[in-house]
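# here are the coordinates; sequence isn't available:
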């Protein structure tokens, strides 16, 4: 793997990773009736992630890369399953509500991670982080009050579930730091393949959608993998506080692409979403500034 030791070079790399991830909602919005082929989407995206990451690990570690699967342990299984659930609930969220609501739910992930770390790893939460969590909660409540329609509210719930799933993945890596992280992410793709296969067979559906949709499914999975690889390269020299701020690239970019009339979606966030999102952004900025002195690193490997 390319090793970056200069933070000034690593920061643009991580920003670019977030920018690549931000195109995910735009890809979903350009699918044909994604709400009707959710399990086919989950199957194709999971398979793409599993195959691309294993191919990357093969070139990175050689033919014995598969031995990493014997090292993931319980933490890897829990983390990979949590990440898989996050991927599944993401598509159910974004097909039931606006991309802005889904992405803002994902932006709350640092706070769910802090709470889960407090509950299961006995990690202490400072007063400043509690303040940030309170501000984020206000933002989420405001967003919720503007999504009272049944489907939209359901999309919000799925968005929160997706954020919690990502947090479970993050906490599992803290629990057992030697867990091979890329292999755990690849396992999450395999988890999606297994779960989607069960539902597709039980519903008597086809595994394949249209060729156009299939291409979009795989494109989204590829974007996720490319972003992960770039993120892993840059994140090794960037502390967690800065990474939290840099992750906003994905949220802001994702909201912008589906709003930009050039791409034909023109999805304008509601007033409550904008106000609630402002509170969420402020909480993340406050959170990042208050833990600025914490040089903890959360790089993937």
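Thanks, I have the structure now. Quick caveat, the model's predicted, so the values are computed rather than measured.
# could you pull out the helices for the stretch 201-301 of the chain?
Assigned by DSSP state H, counting those that start in this stretch, the helices in the stretch 201-301 of the chain fall at 211-235, 240-246, 248-259, 271-290.
# Where does pLDDT dip in the stretch 51-200 of the chain?
Scanning the stretch 51-200 of the chain for pLDDT under 70 picks out 148, 150.
# who are the neighbours in contact with the closest residue to residue 24 other than its chain neighbours?
Once flanking residues are discounted, residue 24 sits nearest to residue 220: 5.6 Å by Cβ to Cβ, 6 or more residues apart in numbering. From N, CA and C alone the C-beta is placed, and that goes for glycine too. Contacts for residue 220 (Cβ atoms under 8 Å, 6 or more residues apart in numbering) come out as 24, 27-28, 41, 45, 48.
# Let me know the pLDDT of residue 220.
If you check residue 220, the pLDDT there is 95.
# and it, how far is that from residue 48?
For residue 220, the distance to residue 48 (Cβ to Cβ, to the nearest Å) stands at 8 Å.
# now do residue 249
Noted for residue 249: a distance of 22 Å to residue 48, by Cβ to Cβ.
# ditto for residue 58
16 Å.
# same check, this time on residue 256
For residue 256, the distance to residue 48 (Cβ to Cβ) stands at 25 Å.
# Looking at these two, which one has more neighbours?
More neighbours surround residue 48 than the other of residue 256 and residue 48, with 22 against 14 (other Cβ atoms under 10 Å).
# got a list of what that one touches?
Listed by Cβ under 8 Å, 6+ apart, the contact partners of residue 48 are 189, 217-218, 220-222, 225.
# wait, what's in contact with the nearest residue to it once chain neighbours are set aside?
With Cβ to Cβ, 6+ apart as the criterion, residue 48 has its nearest non-adjacent residue at 2.9 Å, and that residue is residue 221. Neighbouring residues of residue 221 by Cβ under 8 Å, 6+ apart: 44-49, 52, 189.
# Next: residue 51.
By Cβ under 8 Å, 6+ apart, the residues touching residue 51 are residue 189.
# Would you mind measuring from it to residue 123?
To residue 123, residue 51 is 35 Å away according to Cβ to Cβ.
# need the helices of the stretch 201-301 of the chain in TSV with distance to residue 110, can you?
Below are those laid out as TSV (distance: least, Cβ to Cβ, whole Å):
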stretch	distance to residue 110
helix 211-235	14
helix 240-246	5
helix 248-259	11
helix 271-290	6
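# out of the ones you listed, which comes closest to residue 18?
In this view, the helices of the stretch 201-301 of the chain are compared for proximity to residue 18 by Cβ to Cβ, and helix 248-259 is the closest at 3.1 Å.
# what about that closest one, distance to the chain center?
The chain centroid and the centroid of helix 248-259 are separated by 13 Å under Cα atoms, centre = their mean, to the nearest Å.
# Next, the angle from that helix to helix 271-290.
On the basis of axes from the mean of the first three to the mean of the last three Cα atoms, to 10 degrees, helix 248-259 is oriented at 160 degrees to helix 271-290.
# and the angle from helix 248-259 to helix 211-235?
With the same axes, to 10 degrees defining the directions, helix 248-259 sits at 150 degrees from helix 211-235.
# For helix 248-259, buried residues please.
Neighbour-count burial for helix 248-259, counted by 16 or more other Cβ atoms under 10 Å, picks out 248-255, 257-259.
# ok, residues contacting that helix?
Identification of contacts with helix 248-259 by Cβ under 8 Å, 6+ apart yields 15, 18-19, 21-26, 29, 98-100, 103-104, 106-107, 263, 265-269, 277, 281, 284.
# Please repeat the previous calculation with a cut-off of 7 Å.
Contacts with helix 248-259, where a contact means Cβ atoms under 7 Å, 6 or more residues apart in numbering, come from 15, 18-19, 21-26, 29, 99-100, 103-104, 106-107, 263, 265-269, 281, 284.
# can you pull the pLDDT of the closest residue to residue 88 other than its chain neighbours?
For residue 88, ignoring the flanking residues on the chain, the nearest one in space by Cβ to Cβ, 6+ apart is residue 42 at 5.6 Å. At residue 42, the pLDDT value in this model is 96.
# And residue 42, how close does it get to residue 206?
Distance from residue 42 to residue 206, by Cβ to Cβ: 14 Å.
# what about these two, which has more around it?
The neighbour count for residue 42 versus residue 206, taken as other Cβ under 10 Å, is higher for residue 42 (26 against 9).
# who are the neighbours in contact with the residue nearest to residue 88?
So residue 42 contacts 87-88, 91, 192, 196 (Cβ under 7 Å, 6+ apart).
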